[in-house]
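> The following block contains a protein sequence and its predicted model.
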2 protein chains.
Amino acid sequence: MARGYMTNGGMDRLDLLRFVPFRLNRLAAEFSNALAADYARFGIDIPEWRVMATLGMHDEPRSANYVVRCTRTHKSRISRAVSQLTELGFVERLESGDDRREIMLQLTPKGREVYEELLPLLRAREEKLLSGLSPAQSSALDDIMLTLERSLGLVSCKK
Amino acid sequence: MARGYMTNGGMDRLDLLRFVPFRLNRLAAEFSNALAADYARFGIDIPEWRVMATLGMHDEPRSANYVVRCTRTHKSRISRAVSQLTELGFVERLESGDDRREIMLQLTPKGREVYEELLPLLRAREEKLLSGLSPAQSSALDDIMLTLERSLGLVSCKK
DNA sequence: ACTTGACGGTTGCGATCGCAACCGTCTATG
DNA sequence: CATAGACGGTTGCGATCGCAACCGTCAAGT
């Protein structure tokens, strides 16, 4: 019998607990929830963290649009996240010389401190969440996500 | 070097694209988005579908609280979803004989029709989303999700 | 140059969500 | 019984989100 499908009673039924989109959603929600406590410690939330994580990967400033493409988050959400991060003094907006539409973003020293402090907490949380998996499973998961990301066109984070 | 961690420049950095919680969230959002078109065809959304899917699994009515536990969705969300489904005529609320706090739910004939019509669409969508995976990967994914669900206590759907 | 459309970013608005307070009912304790 | 607390379900409220409209800037075609 195919995974997730039931044929008892001659009636067509779906086992929700084996329906991948549902399971993925539930797991993602659980993961997000587990990390929320760490974000909250610094007064930020998921979108704000995504901005900081993106900026933290590089030394040079990046545009807001780069963050949008890289994180696949809606631009309005990124815009508001940046506003809050500037209020908190974690990020600053710089005018771009060559294209005055673009707004370049970079972590402030304070923002870099927060980033460096938040990192180990998030890593530990991730590791704990995945601690039930064997090394082979962990590697397989990485592989599977990469395959799915590729087929969904989620891998690009260029420029 | 550990997965997802960068050590260049002596500075502690995180590769967001290899951070599992982020990737999981993104994939789940992409999956949900892909299914949204099918739900919309019948005027419902994810929470409504969860209610219908849960009720569709059984012949006997189930309580709203059962749906809450089974889907791990907040009870206010389920409550509102049920309200909309009753307005649409897909679900009906029955008074419970033995405990008058409980409200038993069941699909109406019309709701059952919609369920039967929606099922193959969602299955096809799921299959397409996973079509990039080899059978071994598909099986491994099921295994991994089950392991994670167990370690997070998400497997119970009793009573 | 002028116009047109594309693009980066912001914001107003309606919809949705989760939290918490609430109501009615059940149950345990005395 | 009487009362207190637990429980199923609903709802008001504040916060958040995505969409679309918008503003200013850039690039291409004439």
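Sure, I can see it. Residues are numbered from 1 along each chain as shown, chains lettered A, B, ... in the order given.
> In three-state terms, label the spatially most central residue of chain A for me.
Ranked by distance to the mean C-alpha position of chain A (Cα atoms, centre = their mean), the top residue is A:Arg50 at 5.8 Å. Following DSSP: H, G, I helix; E, B strand; the rest coil, A:Arg50 is assigned to helix.
> I'd say it and A:Ala81 touch.
Yes: using Cβ atoms under 8 Å, A:Arg50 is in contact with A:Ala81, at 7.3 Å. Just so you know, the C-beta spots here come from the backbone N, C-alpha and C atoms, and that holds for glycine as well.
> Contact residues of chain A facing DNA strand C?
Within chain A, the residues that sit near DNA strand C (Cβ under 7 Å from any atom of the strand) are A:63-66, A:68, A:75-76, A:78-80, A:82-83, A:93, A:99, A:101-104.
> how close does A:Asn25 get to A:Thr86?
For A:Asn25, the distance to A:Thr86 (Cβ to Cβ, to the nearest Å) stands at 32 Å.
> if you count what's nearby, which of the two comes out ahead?
Set A:Asn25 next to A:Thr86 and count neighbours by other Cβ atoms under 10 Å in any protein chain shown: A:Asn25 wins out with 24 against 15.
> backbone phi and psi for the residue in chain A that DNA strand C sits nearest to, please?
For chain A and DNA strand C, the shortest gap (Cβ to the nearest atom of the strand) falls at A:Asn65, measuring 2.6 Å. The phi/psi pair for A:Asn65 (degrees, to the nearest 10) reads phi -70, psi -30.
> Tell me how many other residues surround it.
Neighbour tally, A:Asn65, other Cβ under 10 Å: 14.
> just for chain A, where's the confidence low?
A:1-10, A:159 (pLDDT under 70).
> May I see the buried residues of stretch A:133-144?
A:133, A:137-138, A:140-141, A:144 (16 or more other Cβ atoms under 10 Å in any protein chain shown).
> wait, does the host helix or strand of A:Ala28 contact DNA strand D?
Using DSSP states H and E, A:Ala28 maps to helix A:20-40. No: on the criterion Cβ under 7 Å from any atom of the strand, helix A:20-40 is out of touch with DNA strand D, staying 10.2 Å away.
> Spatially nearest residue to A:Asp143 (excluding sequence neighbours)?
Spatial nearest neighbour of A:Asp143, chain neighbours left out: B:Gln137 (7.0 Å); criterion: Cβ to Cβ, 6 or more residues apart in numbering or on different chains.
> Check whether that neighbour sits in a helix, strand or coil.
Judged by three-state DSSP, the three-state class of B:Gln137 is helix.
> residues contacting it?
Applying Cβ atoms under 8 Å, 6 or more residues apart in numbering or on different chains, one finds that B:Gln137 lies in contact with A:140, A:143-144, A:147.
> where does chain A come near DNA strand D, residue by residue?
Residues of chain A lying near DNA strand D (Cβ under 7 Å from any atom of the strand): A:45-47, A:73-77, A:80, A:99-101.
> hmm, try it at 6 Å
A:47, A:74, A:76-77, A:99-101 (Cβ under 6 Å from any atom of the strand).
> Which ones among the contacts of B:Gln137 map onto helices?
Members of the contacts of B:Gln137 lying in helices (criterion: DSSP state H): A:140, A:143-144, A:147.
> ok, A:Arg41 - contacts?
A:118, A:121.
> Next: A:Tyr115.
Counting by Cβ under 8 Å, 6+ apart, A:Tyr115 has contacts A:52-53, A:56, A:107.
> If you rank those by neighbours, which is first?
A:Met52 leads the contacts of A:Tyr115 on contacts (other Cβ under 10 Å) with 28 neighbours.
> That one against A:Glu116, yeah?
No: the pair A:Met52 / A:Glu116 is not scored as a contact, 10.6 Å apart, by Cβ under 8 Å.
> Please give me every residue in contact with A:Ile103.
A:63-64, A:93-96.
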